[in-house]
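K.L.:
With the input below, show me the fold.
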Amino acid sequence: MTNTPLSLRIIIPALLLMLAGCTTPFRADVARFQQLPPPQGESFTVVPADPARVGSIEANQYAMMITQRMQQEGYAPASNPEATDLVVSFDYVVDGGRERVRTTPGIGPGFGAFGPWGGWGGWGGWGGWGGFNRFGWGPGWGAWGPGWGGWGWGGGFGPDVRSYTIYNSELALKIDRVADNVRVFEGRAQATSRSNNLTYLVPNLVEAMFAEFPGNSGETVRVSLDDDKVKVKTLNRSARR
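P.N.:
Next comes the predicted model:
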């Protein structure tokens, strides 16, 4: 049987917990306001809200993702954008980030430094001359006193302080009905993460936006995306249900 040192028995579980934290799901807070009737195959067109992004290959890729999700909800892509029933506009952004400091508590207990010196016991002093007798001299030097102090117990590893950058990202989605020029949907999906990569953020924000679409008007939910699993938690309930 192998004896694992105490320090390793403490450190290994802590490292496993840290590694488990590397697989944190993508989370976004989604607020939606809508007056959409049940879908009946209405046609739609997806366009960037920012005119500067019209014709952008990247924006077109995100538009295709939104198109796919709208189809899954029961709407149909317009064969002629000039004769569409709904116009779906979208915009996205990620900020410049800000620093955050994270402190991980230290691990203990561990071996500390040496304890205090026990000090020399001092010389025992002369035992005095015993004088001559038939056996020889009397008692001589006294014994030594106590020796060194032992090991002392102290604190373990100190706290681990790290800084990293976090970014806020957002996807805005709006749906307008062309026939009467009425807005029937507004939604915002916002996330805080350690990535500023739009090709990672926007697809996840789109998935969060369409979780339980179109949602209850005025309600904010927290959407967690973990591989193929989608979890929705209500943060605040709408005034009207």
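K.L.:
From now on I want contacts and neighbour counts done on CA atoms only, so please keep to that.
P.N.:
OK.
K.L.:
what are the ranges of the helices in the chain?
P.N.:
Assignment of helices within the chain using DSSP state H yields the ranges 6-20, 57-72, 198-209.
K.L.:
show me where pLDDT drops low in the protein?
P.N.:
Scanning the chain for pLDDT under 70 picks out 1-23, 106-158, 238-241.
K.L.:
for it, what's the longest strand?
P.N.:
Once the chain is assigned using DSSP state E, the strand that runs over the most residues is strand 160-177.
K.L.:
the inter-axis angle of that one versus helix 57-72?
P.N.:
Using axes from the mean of the first three to the mean of the last three Cα atoms, to 10 degrees, the direction of strand 160-177 lies 60 degrees away from that of helix 57-72.
K.L.:
ok and strand 160-177 relative to helix 198-209, angle-wise?
P.N.:
Angle, strand 160-177 to helix 198-209, by the same axes, to 10 degrees: 60 degrees.
K.L.:
which parts of strand 160-177 are buried?
P.N.:
For strand 160-177, a neighbour-count test (16 or more other Cα atoms under 10 Å) marks 166-177 as buried.
K.L.:
What is the nearest of these to M64?
P.N.:
Nearest to M64 out of these is L173 (Cα to Cα; 13.8 Å).
K.L.:
Strands along this structure, start to end?
P.N.:
Taking DSSP E as the criterion, the chain carries its strands at 26-34, 43-48, 76-77, 86-94, 98-104, 110-114, 151-154, 160-177, 182-193, 219-226, 229-236.
K.L.:
got a list of what F185 touches?
P.N.:
Under the criterion of Cα atoms under 8 Å, 6 or more residues apart in numbering, the contact list for F185 reads 32-36, 173-176.
K.L.:
which residues touch stretch 218-228?
P.N.:
Taking contacts as Cα under 8 Å, 6+ apart, the residues outside stretch 218-228 that touch it are 24-34, 204, 208, 211, 230-239.
K.L.:
repeat that for 7 Å
P.N.:
25-33, 208, 230-238 (Cα atoms under 7 Å, 6 or more residues apart in numbering).
K.L.:
hmm, back to that, tell me the strands beside the longest strand of the chain, with direction?
P.N.:
Strand 160-177 sits in its sheet next to strand 86-94 (antiparallel), strand 98-104 (antiparallel), strand 182-193 (antiparallel), going by DSSP bridges.
K.L.:
Dump those strands into a markdown table; add distance to Y62 as well.
P.N.:
Supplementary listing: those in a markdown table, determined by distance: least, Cα to Cα, whole Å:
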| stretch | distance to Y62 |
| --- | --- |
| strand 86-94 | 9 |
| strand 98-104 | 26 |
| strand 182-193 | 14 |
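K.L.:
ok, the nearest residue to T192 once chain neighbours are set aside to R188 distance?
P.N.:
Using Cα to Cα, 6 or more residues apart in numbering and skipping residues adjacent in sequence, the residue nearest T192 is N168, 4.6 Å away. Computed as Cα to Cα, to the nearest Å, the N168 to R188 distance reads 13 Å.
K.L.:
Then V54?
P.N.:
Between V54 and R188 the distance is 21 Å, computed by Cα to Cα.
K.L.:
quick one: buried residues of stretch 62-75?
P.N.:
Taking 16+ other Cα under 10 Å as the neighbour-count basis, stretch 62-75 is seen to contain the buried residues 62-63, 66-67, 69-70, 73, 75.
K.L.:
with these in mind, which one is nearest to S195?
P.N.:
Closest approach to S195 among those (Cα to Cα): Y62, at 17.8 Å.
K.L.:
As PDB, could you dump the C-alpha coordinates of stretch 50-59?
P.N.:
Extracted C-alpha coordinates of stretch 50-59, given in PDB (Å, rounded to 0.1, in the frame of the first residue of the first chain):
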ATOM      1  CA  ASP A  50     -26.100  48.400 -38.600                       C
ATOM      2  CA  PRO A  51     -26.000  49.400 -42.300                       C
ATOM      3  CA  ALA A  52     -22.200  49.200 -42.100                       C
ATOM      4  CA  ARG A  53     -22.600  45.400 -41.700                       C
ATOM      5  CA  VAL A  54     -24.800  44.900 -44.700                       C
ATOM      6  CA  GLY A  55     -22.800  42.600 -47.100                       C
ATOM      7  CA  SER A  56     -20.400  41.500 -44.300                       C
ATOM      8  CA  ILE A  57     -19.500  37.800 -44.600                       C
ATOM      9  CA  GLU A  58     -19.400  37.500 -40.800                       C
ATOM     10  CA  ALA A  59     -22.700  39.200 -40.300                       C
END
